[in-house]
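Undergrad: model the following, please.
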Amino acid sequence: PGTGTLLTNYFSKDKLTTDSNTIDIKDLKSEYPFVKKNTENVIKNVTENVMKNDTENFMKNDTENVVKNVTTNVVKNVTENFMKNDTENVVKNVTTNVVKNVTKNVVKNVINVPLRNGIDDWSYKYIFQPIVSNVMRKFEPSVIVLQCGADSLGEDRLGCFNLSVQGHGECVEFVKSFNKKMLVVGGGGYTLHNVARAWTYETSLLIGQEISPEIPPCPYSDFFFPTNNLFPDFRKRHENENTKSYLDSISGYIHNILDRF
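TA: You can find the predicted model right below:
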């Protein structure tokens, strides 16, 4: 609740400005409908800006939004998924380098990274950054679509990970550090007041604007009870089952596959 209100209280200007894009946020002051209506407007504005200034286009296949480069005859893209996976069979379920003809002249590469319950900030960063770096080096994408699902936060009603708001945001900041065109979208997240925290913080990282760790007063302040801190300490509802040896086995297998490119 109050995602739009929280964003506009932090960012009081009518526009969010980055190095290459200006996003009109006047309509964000319509409070909660931001989640449904205005997110689409923001994505539309960013998409139009990218398409106006670059030779890139957006397409949609049967399961996800992907980006294609229209300056080449063969479109290549890669999708990375860091997700919960219950199976113990690491090799079988790390679906790396699965190449399919999704549509004519489109080559799709999928990298699924199976994680166990309770992964925390340190463990997630330990596996996330090296794999993303290797993918960036191998595929050299011109555009990145980053989905920031917030059900990986601790205390999520449906999720089973233990990420903090800062740890979640650190992944966004790391991807941003590659200085590529980015389209950043939401995703899952079922403890809504923490979703609002995460996406507000990540918006500030994306536009390079430092914000207060205390949430300003807004019509939805009661929803953030018992603390108005942007970075609360989440209770660990799940033990971290991702041992270093497990993460090393996953990471090593994926790097071996990527090194064949």
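Undergrad: quick check: the gap between Lys180 and Asn112.
TA: Taking C-beta to C-beta, to the nearest Å as the criterion, Lys180 is separated from Asn112 by 22 Å. Any C-beta I mention is one placed from the backbone N, CA and C, and that applies to glycine too.
Undergrad: what segments of this protein are helices?
TA: With helices called from DSSP state H, the chain shows them at 3-10, 37-53, 90-93, 121-139, 165-176, 192-207, 244-258.
Undergrad: low pLDDT regions in this protein?
TA: 1-76, 86-108 (pLDDT under 70).
Undergrad: and with 80 instead?
TA: Low-confidence segments of the chain, defined by pLDDT under 80: 1-77, 83, 85-108, 261.
Undergrad: isn't Ile111 right next to Ile254, touching?
TA: Yes - at 6.3 Å, Ile111 and Ile254 qualify as touching, with contact defined as C-beta atoms under 8 Å.
Undergrad: contacting residues around the residue lying closest to His238 once chain neighbours are set aside?
TA: Using C-beta to C-beta, 6 or more residues apart in numbering and skipping the chain neighbours, the partner closest in space to His238 is Gly118 (3.7 Å). Gly118 makes contacts with Cys160, Phe161, Asn162, Lys236, His238, Glu239, Asn240, Glu241, Asn242, as judged by C-beta atoms under 8 Å, 6 or more residues apart in numbering.
Undergrad: going through the residues you listed, which ones are buried?
TA: Cys160, Phe161, Asn162, Asn240, Asn242 (16 or more other C-beta atoms under 10 Å).
Undergrad: correct me if wrong: the last one contacts Lys125.
TA: Right, Asn242. No - contact between Asn242 and Lys125 fails when scored by C-beta under 8 Å: they sit 11.7 Å apart.
Undergrad: can I get the CA coordinates of stretch 223-236 in PDB?
TA: What follows is stretch 223-236, C-alpha atoms only, in PDB (Å, rounded to 0.1, in the frame of the first residue of the first chain):
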ATOM      1  CA  PHE A 223       1.000   0.400   7.200                       C
ATOM      2  CA  PHE A 224       4.700   0.600   8.000                       C
ATOM      3  CA  PHE A 225       4.100   0.000  11.700                       C
ATOM      4  CA  PRO A 226       6.000  -0.700  14.000                       C
ATOM      5  CA  THR A 227       8.800   1.300  12.300                       C
ATOM      6  CA  ASN A 228       9.000   4.000   9.700                       C
ATOM      7  CA  ASN A 229      12.600   3.000   8.900                       C
ATOM      8  CA  LEU A 230      13.300   2.300   5.300                       C
ATOM      9  CA  PHE A 231      15.700  -0.500   6.200                       C
ATOM     10  CA  PRO A 232      14.000  -2.600   9.000                       C
ATOM     11  CA  ASP A 233      15.700  -5.700  10.400                       C
ATOM     12  CA  PHE A 234      13.700  -8.600   9.100                       C
ATOM     13  CA  ARG A 235      13.100 -11.700  11.200                       C
ATOM     14  CA  LYS A 236      14.800 -14.800   9.700                       C
END
